[in-house]
Each structure stands twice: as C-alpha cells, then as structure tokens.
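S.K.: The sequence and its predicted three-dimensional model are supplied below.
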Amino acid sequence: CADVAAFAAGDSEAGCRQMLGNVWEWTADWFAPYPGFTRDPYKEYSEPWFGNHKVLRGGCFATRSRLIRNTWRNFYTPDRRDVLAGFRTCALQARSEACK
C-alpha cells in the first residue's frame, strides 16, 4: 500500500492520482464484444461469459504489472466477494455565490 500522494509523477492531466493498480474498477457495462474485439486464443476465457458478467477494468495490486492498464478488461458477477474490486466516487465542487 502507498499513500495516495506518494506518486505525484504519475498524476493524470486532471490531477488524479493512483488511477490503476489498487483494485479492479467495476463498470456498469455488461461483458460483451465491442467494436474491434478480437477473440482471445483461449476461447473459453471470454465468449462463454458474454452478457451475464459485468466488466472490471484496470487491475489490482495482485495483477501482473504488464497487464495493469485502463484498457484491460476482466469480468465477474457483482455478487462475488473474492474479487479485489471497488468503484470510483466523485464529488462535484459546489458553485460559489460569486459564480452565479
């Protein structure tokens, strides 16, 4: 584990830190082929699960470093408790009276 401020050199253009590698990120998408999808050589890794699993993206601290990237897609059902996954939250800054 690392403090969220530990790796400032990796900040995104928006100033976000540690966007990959802590836990897999749940998405609202169903696991299904997308435009440009190419089947994994190991067919059973993807096609049998289309349509009944949700997409996870990124990777977690237990994922091999060569696989951790925001384009990496994995899949599970949301009821699983053995998946190192979470979700992102965001907070919108309230508009000040001066901006109205």
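M.R.: Thanks, I have it. Note that the structure is predicted; figures quoted are calculated from it, not measured.
S.K.: outside of stretch 64-76, which residues touch it?
M.R.: 19-21, 24, 31, 46, 49, 53-59, 83, 85 (Cβ atoms under 8 Å, 6 or more residues apart in numbering). Every C-beta, even on glycine, is put in place using the N, C-alpha and C of the backbone.
S.K.: State the pair within those residues that is farthest apart.
M.R.: 19 and 49 (25.3 Å; Cβ to Cβ).
S.K.: Within the sheet, what are the partner strands of the least confident helix or strand in the chain by mean pLDDT, with directions?
M.R.: Least confident helix or strand, the chain: strand 69-76 with a mean of 86, by mean pLDDT, DSSP states H and E. Strand pairing for strand 69-76, determined by DSSP bridges: strand 54-58 (antiparallel).
S.K.: Can you tell me the number of residues neighbouring residue 31?
M.R.: Residue 31 sits with 20 neighbouring residues when counted by other Cβ atoms under 10 Å.
S.K.: Specify the beta-bridge partners of the nearest residue to it once chain neighbours are set aside.
M.R.: Using Cβ to Cβ, 6 or more residues apart in numbering and skipping the chain neighbours, the partner closest in space to residue 31 is residue 75 (3.8 Å). On the basis of DSSP bridges, residue 75 is bridged to residue 55.
S.K.: Okay, now stretch 48-60: how far is its last residue from its first?
M.R.: Criterion Cα to Cα, to the nearest Å; first-to-last residue distance in stretch 48-60 is 24 Å.
S.K.: Sorry, slip of the keys, the one I care about is stretch 43-53.
M.R.: 16 Å.
S.K.: Buried residues in that stretch, which are they?
M.R.: Within stretch 43-53, the residues scored as buried using 16 or more other Cβ atoms under 10 Å are 46, 53.
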